[in-house]
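> Structure of the sequence below:
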Amino acid sequence: MDVALVVLGAIFVTYGWYWGGVTESRTTAYALGAGAFLLGLWFAFGNSGGDIALGSLLAFGAIFGFLAAANAWNESAQDRTFGMFALLFAIVAFFGYTYLVDVGAAGQFSYGMLVIGIVLALHFISAGLIATNRGFKSLVGWVTLFAGVVLVYFGFAEALGSGMDPL
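Numbers count the residues shown, from 1 in each chain. Coordinates of the predicted model:
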């Protein structure tokens, strides 16, 4: 089981739940902050053994989780600054995807980075380009929630006996 993918998936589910319009900002911010704090502690003090996939997921998840918590706390999810960070993280996720495919890492890591990149590109469009469209924001929220469920599944893929081959 890959706990980093599970916790990152939980962060995406929580943020998607907020962007979908189901929950309030303060409760979401606490949950996002707790997940990001766990990933940040694991990145700072845990031993990833030089594993580039795990280290990048931990660092990426911690930074994105803290940014999402700050946006949820201030109820500024449509902030264009968040859109700029979402674009930056989407580009990083796509580069991570190409790197993980190149080195032949486990398939769930490369697929996970691809899912993260697509979802964050949608966040960039929603928060940065068409920030006034509440319907599209809600759609992106539900896509984020389902992407989080996919990341949780990728985290449990080995334990479920459905490990994925690299691309």
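> which secondary structure elements does the least confident helix or strand in the chain by mean pLDDT contact?
Ranking every helix and strand in the chain by mean pLDDT, DSSP states H and E puts helix 52-73 at the bottom, with a mean of 80. Using 3 or more Cβ pairs under 8 Å, 6 or more residues apart in numbering; DSSP states H and E, the elements in contact with helix 52-73 are helix 3-19, helix 25-45, helix 80-103, helix 107-124. All C-beta spots, glycine's among them, are computed from the backbone N, C-alpha and C.
> May I see the ones you listed organised as a markdown table, with distance to residue 161 and mean neighbour count added?
Listed next are the helices and strands packed on helix 52-73 as a markdown table, based on distance: least, Cβ to Cβ, whole Å; neighbours: other Cβ atoms under 10 Å:
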| stretch | distance to residue 161 | mean neighbour count |
| --- | --- | --- |
| helix 3-19 | 16 | 24 |
| helix 25-45 | 26 | 18 |
| helix 80-103 | 22 | 18 |
| helix 107-124 | 13 | 23 |
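> Tell me the pLDDT of residue 47.
We have a pLDDT of 67 for residue 47.
> hang on, the earlier thing: contacts for the least confident helix or strand of the chain?
Contact partners of helix 52-73, identified using Cβ atoms under 8 Å, 6 or more residues apart in numbering, comprise 2, 4-5, 7-8, 11, 15, 18, 25-26, 28-30, 32-33, 35-37, 39-40, 42-43, 46, 48, 77, 79, 82, 85, 89, 92-93, 96, 99-100, 103, 105-106, 109, 112, 116.
> Try it again at 7 Å.
4-5, 7-8, 11, 15, 18, 25-26, 28-29, 32-33, 35-36, 39-40, 42-43, 48, 77, 79, 82, 85, 89, 92, 96, 100, 105, 109 (Cβ atoms under 7 Å, 6 or more residues apart in numbering).
> Take the helices and strands packed on helix 52-73 and write them to CSV, including distance to residue 157.
Shown next, in CSV, are those (distance: least, Cβ to Cβ, whole Å):
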stretch, distance to residue 157
helix 3-19, 9
helix 25-45, 19
helix 80-103, 15
helix 107-124, 5
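> Could you list the low-pLDDT ranges of this protein?
1, 47-50, 53, 75-78, 105-106, 163-167 (pLDDT under 70).
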